[in-house]
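Asker: Make a model of this:
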Amino acid sequence: MTDSDRPAVPTLPRTWRPLGPRLAAAVFAVVLVGAFAWLWMSFDDQTKAAVNDLEKATVIFFVLLGLALLNALARSRVVAREDGLTVVNGYRTRRFAWAEVGTVRFPQGAPWPHLDLGDDERLSLLGIHASDGARAATAIRELRAVVAAHQG
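Answerer: Predicted structure coming up:
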């Protein structure tokens, strides 16, 4: 591959986030809260009075759990900086120096790419999602260009 064939290396720092999953998380969060609020408001006073505090707390707990899971999906990202790569998958953040970063692979039909770290260790990159189509393809090209620039 000649230098003119290589994709341009984006300016760092560069952050890639999934658009589709973030939109889906926002929509489902509104639907989740809206559905339970509508359901509660549609109850008559007798039904509301029959629901005890523990039952209310249980419903609130599960709504909050659902919101926490949707937030974890929405906050996933991949960040390339001069000093290395940061991968945020849900509530877990991992930072790698460029020397630790291996090959970025995006197998056909996979929902997201993964990063080969050596010793048969792979890390999913939830910040780039196949459902984003051309946006995901561009993100992979950019990420591979950044990785290649820091490995050579």
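Asker: Direction included, what does the lowest-mean-pLDDT helix or strand in the chain pair up with?
Answerer: Taking mean pLDDT, DSSP states H and E as the measure, the chain has strand 114-118 as its least confident helix or strand, at a mean of 90. Note on strand 114-118: by DSSP bridges, its sheet partners are strand 104-105 (antiparallel), strand 121-124 (antiparallel).
Asker: Relative to Pro10, which of the ones you listed is closest?
Answerer: strand 104-105 (14.0 Å; Cβ to Cβ). For every residue, glycine as well, the C-beta is placed using N, CA and C.
Asker: Assign Val88 to helix, strand or coil.
Answerer: Here Val88 is recorded as strand under DSSP: H, G, I helix; E, B strand; the rest coil.
Asker: Next up, the contacts around the residue nearest to it when sequence neighbours are not counted.
Answerer: For Val88, ignoring the flanking residues on the chain, the nearest one in space by Cβ to Cβ, 6 or more residues apart in numbering is Arg77 at 4.9 Å. Arg77 makes contact with Thr15, Trp16, Arg17, Val87, Val88, Gly127 under the criterion Cβ atoms under 8 Å, 6 or more residues apart in numbering.
Asker: contacting residues around the least confident helix or strand of the chain?
Answerer: Against strand 114-118 from outside (Cβ under 8 Å, 6+ apart): 85, 87, 96, 100-106, 122-125.
Asker: Can you say which two of the residues you listed are spatially most distant?
Answerer: The most widely separated members of these, counting by Cβ to Cβ, are Glu100 and Phe106 (19.5 Å).
Asker: Neighbour count: these two, which is higher?
Answerer: Between Glu100 and Phe106, counted using other Cβ atoms under 10 Å, the more crowded position is Phe106 (19 against 13).
Asker: I figured that one was touching Pro113, is that so?
Answerer: Yes: assessed by Cβ atoms under 8 Å, Phe106 is found in contact with Pro113 at 3.8 Å.
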